[in-house]
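Asker: 3D, please:
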Amino acid sequence: MSKRPIIQIKDLTRFYQMGETEVRALNGVTFDVLENEYIAIMGPSGSGKSTLMNMIGCLDTPTGGEYILNNNRVSQMDDAELAEVRNREIGFVFQTFNLLPRTTCLANVELPLIYAGVKASERKERASEVLSKVGLGDRLDHKPNELSGGQRQRVAIARALVNSPSILLADEPTGNLDTKTGDEIMLLFEELYKAGNTIILVTHENEIAEYSRRIVRLRDGVIESDEKVASPVLAAH
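Answerer: Numbering: from 1, shown residues only. Below is the predicted model:
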């Protein structure tokens, strides 16, 4: 059975005015992301990959073109509608974890559910379940400063998953981790992909991109190449 596109991007542009100069951060980008794809977006500094990530994550709106996320025409939405789609459809994982330092793992993971209006008992249950899924079922009451970097990133991944989003959007998820811990996090992403999640990874590291199944490379605001990964790092595991 053919998989449906979760993301459809057509001729997407994003121009910025910097003084007299017009910067074309994205200059006509077109591609689809299918359900349960695992994609890495790569490109040198200034290639437009951060801008594209902000577009996909509904953190910014395009100058022109079309962005459809799960049948929602995102490119036409106002800020309030974008915030709602962002909370419902997208799980974010950041390089810097972005956890609240004074609250427990459980409370950190519950946050998106509070915004979604889920009642307290269900929030606790769902947050506990997803923390167990990422291997932290015994750390529910720990605060971020009581955890290692890898454990903090697992909390961030649990928070990203708790709303059962359409896509998991990870920005340099191993950037603050040593190699061994980074590999463990990538192993977790592999498990999530095999469980049916759609993952979009933004990275500048080839070794990290090669965990994915498809690499989209940007340069100067356009897609330079879009290729399947011949032998993903963990595919045989």
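
Asker: who are the packing partners of the helix ranked longest in the chain?
Answerer: Criterion DSSP state H: the longest helix present in the chain is helix 179-194. Packed against helix 179-194 by the contact rule (3 or more C-beta pairs under 8 Å, 6 or more residues apart in numbering; DSSP states H and E) you find helix 149-161, strand 167-171, strand 198-202. All C-beta atoms are positioned from the backbone trio N, CA, C, and that covers glycine.

Asker: now those in CSV, with distance to S225, mean neighbour count and mean pLDDT?
Answerer: Output for those, formatted as CSV (distance: least, C-beta to C-beta, whole Å; neighbours: other C-beta atoms under 10 Å; pLDDT from 0 to 100):
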stretch, distance to S225, mean neighbour count, mean pLDDT
helix 149-161, 28, 24, 92
strand 167-171, 21, 24, 94
strand 198-202, 16, 24, 95
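
Asker: for these, which one sits closest to E81?
Answerer: For E81, the closest of the helices and strands packed on helix 179-194 is strand 167-171, at 17.4 Å, according to C-beta to C-beta.

Asker: could you tell me the angle between that closest one and helix 179-194?
Answerer: Here the directions of strand 167-171 and helix 179-194 differ by 160 degrees (axes from the mean of the first three to the mean of the last three C-alpha atoms, to 10 degrees).

Asker: wait, P112 sits on V162?
Answerer: Yes - counting by C-beta atoms under 8 Å, P112 does reach V162; the two are 5.7 Å apart.

Asker: can you give me the end-to-end distance of stretch 168-182?
Answerer: Start and end residues of stretch 168-182 are separated by 17 Å (C-alpha to C-alpha, to the nearest Å).

Asker: from here on, call the first residue 250.
Answerer: Sure, I'll start numbering at 250, so the last one becomes stretch 417-431.

Asker: flag every buried residue along that stretch.
Answerer: Of all the residues in stretch 417-431, those buried under the rule 16 or more other C-beta atoms under 10 Å are L417, L418, A419, D420, E421, P422, T423, N425, L426, T430, G431.

Asker: got the contact list for it?
Answerer: Residues outside stretch 417-431 that contact it (C-beta atoms under 8 Å, 6 or more residues apart in numbering) are 299, 302, 305-306, 339-346, 397-399, 402, 406, 409-410, 434-435, 438, 441, 446-454, 457.

Asker: cool, and stretch 272-280?
Answerer: So stretch 272-280 is in contact with 258-266, 297, 300-301, 304, 311, 314, 465, 467, 469-472, 475, going by C-beta under 8 Å, 6+ apart.

Asker: just want to check the distance between the spatially most central residue of the chain and F280.
Answerer: Residue closest to the mean C-alpha point of the chain, counted by C-alpha atoms, centre = their mean, is L418 at 0.7 Å. Distance of L418 to F280, computed by C-beta to C-beta, to the nearest Å: 15 Å.

Asker: what's the answer for V411, then?
Answerer: Noted for V411: a distance of 28 Å to F280, by C-beta to C-beta.

Asker: neighbour-wise, which of those two wins?
Answerer: Between V411 and F280, counting by other C-beta atoms under 10 Å, V411 is the more crowded of the two (24 against 17).

Asker: circling back to that earlier point, and the longest helix of the chain with strand 447-451, angle?
Answerer: Using the same axes, to 10 degrees: helix 428-443 against strand 447-451 is 150 degrees.

Asker: which residues belonging to helix 428-443 are considered buried?
Answerer: T430, G431, D432, E433, I434, M435, L437, F438, E439, L441, Y442.
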